[in-house]
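Student: predicted model and sequence follow; I will ask about them next.
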Amino acid sequence: MRHYMFILLAVFAFFIAAGTASAAAPAALHECEACHGPNGVSPNKDIPIIAGMSAFYLDGELQAYQKGLRPCPKTKYPKDAAKPATDMCDIAKKLSAADSTAIDKYLASQAFVPATQSFDPKLAAIGKQIHSQNCELCHTNGGSVADDDAGILAGQWTPYLQETFKEYVSGKRVAPDKMKPKIAALMPDKINALLQYYASEGKK
């Protein structure tokens, strides 16, 4: 019995140690946190919450920035305006493959914390129907599932999502092939309803 208990304790200690090791934040994360907040939970309305996104999705986004496939406007550091403005393309290009992988895995292990923001309940109800008809196939459960590898929409900052829609509509940001006709068919009022729905999903 004592031998059996010793094995159980040893196994338990191993998993505790492994969990502690995997929870260690990579050194390169500090550059992300300067804008996206502690552990990727952004307090800034125009900067997305990236905690809890899948590692696959985050890796794809970093690669898109590295290849210049996403808009990269210059941005001031939210908490240090004295520092020179930077952009995501420059930041992503400075990351080594090992740094990118470590950041992706760490952020994916964190909990997505929905933004606290207001929304219009009536428009949110309309947005729910629009999402169900046009978006649910790829963004399941109201856009709340990280394993869809399509980002998390439910509870994301509305101003950020609003700018993202503008980039897709204008063509500044390339949409996946399946998404292009869906975006093209959305009028501004429907986009606004979708935004209200995603804001409301953060209240669950």
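Tutor: Happy to help now that I have it. Numbers count the residues shown, from 1 in each chain.
Student: and the residue nearest the centre of this protein?
Tutor: The centre of the chain sits closest to residue 50, judged by C-alpha atoms, centre = their mean, with a distance of 3.3 Å.
Student: and what about that one, helix, strand or coil?
Tutor: Classification of residue 50 using DSSP: H, G, I helix; E, B strand; the rest coil returns coil.
Student: does residue 136 count as helix, strand or coil?
Tutor: Per three-state DSSP, residue 136 ends up coil.
Student: now do the helices in this protein.
Tutor: 2-22, 29-36, 55-66, 88-94, 97-109, 121-134, 140-143, 158-170, 180-185, 188-201 (DSSP state H).
Student: domain map for the chain?
Tutor: Following automatic domain parsing, the chain resolves into domains at 25-109, 121-201.
Student: ok, which of those domains comes nearest residue 115?
Tutor: domain 121-201 (4.8 Å; C-beta to C-beta). Yep, even glycine has a C-beta here, placed from its N, CA and C like the rest.
Student: would you list the domains of the chain in JSON lines and tack on mean pLDDT and distance to residue 115?
Tutor: Formatted as JSON lines, the domains of the chain follow (pLDDT from 0 to 100; distance: least, C-beta to C-beta, whole Å):
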{"stretch": "domain 25-109", "mean pLDDT": "93", "distance to residue 115": "6"}
{"stretch": "domain 121-201", "mean pLDDT": "96", "distance to residue 115": "5"}
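Student: distance of the residue nearest to residue 113 when sequence neighbours are not counted relative to residue 193?
Tutor: The shortest distance from residue 113 to any non-neighbouring residue, by C-beta to C-beta, 6 or more residues apart in numbering, is to residue 41 (4.6 Å). To residue 193, residue 41 is 26 Å away according to C-beta to C-beta, to the nearest Å.
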